[in-house]
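Colleague: kindly generate the corresponding structure for this input.
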Amino acid sequence: MASLRERAISQNTLVCLLQAIQGHETTVELRDEASVFGLIVNVDAFMNTTMKYCTYTDHRGKTMQFDDFFVQGRNIRFVQIPDDVNMMEAIEYQLGSIERRRTMHSQERKRVKELREQRKRKKEAKSKQTS
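Modeller: Numbers count the residues shown, from 1 in each chain. Got it, this is the predicted structure:
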């Protein structure tokens, strides 16, 4: 689960667009002039990206195949958004997803608080009965 800081970053930056293209194949261009083409598996709020079935191309044009590939966010220069992705819809969907998770988390906290209060009341009732 993402921390509050990560959710805030995702909501207030275009990282949410990159998170929305999870499951799509795309090219990630790196700061060292290399690029990686593959399937985006996961993107966190700091733009750290996990990819699968990748082709890494170094700055000289040499290519290598990788089953799994991890890119630190600070090493990303550009991410090519696939043509079949409507960017506005993707951003809106991702922001809605973040909001739904936040709402579910707060509802879960309320339920836990209520359960604790119920247990406390039952424990107090039992102690009154035994006294």
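Colleague: show me what the worst-scoring helix or strand of the chain on mean pLDDT is packed up against.
Modeller: The weakest-scoring helix or strand in the chain, judged by mean pLDDT, DSSP states H and E, is helix 4-12 (a mean of 72). Contacts defined by 3 or more Cβ pairs under 8 Å, 6 or more residues apart in numbering; DSSP states H and E place helix 4-12 against helix 15-20, helix 87-130. In short, each C-beta sits where N, CA and C put it, glycine included.
Colleague: look up phi and psi at the most centrally placed residue in the chain.
Modeller: Most central in the chain under Cα atoms, centre = their mean is residue 44, positioned 4.1 Å from the mean C-alpha point. Backbone torsions of residue 44, given as degrees, to the nearest 10, read phi -100, psi -180.
Colleague: separation between it and residue 73?
Modeller: According to Cβ to Cβ, to the nearest Å, residue 44 and residue 73 sit 8 Å apart.
Colleague: please apply the same query to residue 29.
Modeller: 13 Å.
Colleague: ok, now residue 8?
Modeller: 16 Å.
Colleague: ditto for residue 3
Modeller: In terms of Cβ to Cβ, residue 3 sits 15 Å off from residue 73.
Colleague: neighbours of residue 70, how many?
Modeller: 13 (other Cβ atoms under 10 Å).
Colleague: please tell me the pLDDT value assigned to it.
Modeller: At residue 70 the predicted local confidence, pLDDT, stands at 97.
Colleague: residue 84 too?
Modeller: Reported pLDDT for residue 84: 89.
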